[in-house]
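Chemist: Got a sequence here, can you build the structure:
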Amino acid sequence: MTHRFILVIVCALEIAMILFVMTWPASSDESQQKYEIASPPSCKNNLGEKVFFRDVNNGQANSAAGMAKRDDTGTPIVYRFAYQHSPKPLQRFIDFHECAHHQTGDVDLPHPPRNSREHMMNESIADCIATLRIRDEINRGEDVVFRAVEQLMQDMIKIGFPAMTIESRKANILNCLQKNETADAFIDGVLTHRKLK
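Modeler: Next comes the predicted model:
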């Protein structure tokens, strides 16, 4: 009886493994769904220079990501990585967030150590500017922000961010959504505080 029971368990596990292998490619295709890439927003840095957006598809990222910097010629750039893997609301949020790093002068200031208080403050400010711009510049902007936050939280969970970090970022974005000021006024305050204006 015990031998027969073990044989049944082994066969059941083998069948489960076969079913998993057969369905796994289908579920991984779903996670790699392709999305139309949104047009980038207008963006000028704190010096009045036009910021250019460049799409990069190096096949390494599973969700959209961005990076604000100057290229080798000194041109202000936002690199847009794997935008085809994330829905438009998140693409738009990332574009505005990375543009904000140019608008507040972050790109031309010394970069603070990763995860330092200063680095996290820069990220929170960029999130706030992105939120205000989406709210005020895009039709049904609040809805776009909510959908972007939902996708952003899912991606942060997949990457492995701590729950406290995820909740803190979400709270900051939703608090910014309630601000009674424009993105331009918020940016002016940041530049004045940094003595860049």
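Chemist: ok, residue 115 to residue 121 distance?
Modeler: Going from residue 115 to residue 121 by CB to CB, to the nearest Å gives 11 Å. Every C-beta, even on glycine, is put in place using the N, C-alpha and C of the backbone.
Chemist: do the same with residue 146
Modeler: As judged by CB to CB, residue 146 and residue 121 stand 24 Å apart.
Chemist: okay, those two: which has more neighbours?
Modeler: Remark: of residue 146 and residue 121, residue 146 carries more neighbours, 14 against 11, as counted by other CB atoms under 10 Å.
Chemist: Flag the shaky bits of the chain, pLDDT-wise.
Modeler: For the chain, the stretches with pLDDT under 70 are 1-32.
Chemist: any idea which residue sits dead centre in the chain?
Modeler: Central residue of the chain (CA atoms, centre = their mean): residue 94, 4.8 Å from the mean position.
Chemist: which non-adjacent residue is nearest that residue?
Modeler: The shortest distance from residue 94 to any non-neighbouring residue, by CB to CB, 6 or more residues apart in numbering, is to residue 66 (4.4 Å).
Chemist: Next: residue 147.
Modeler: Closest to residue 147 by CB to CB, 6+ apart is residue 89, at 3.9 Å.
Chemist: Thanks a lot, catch you later.
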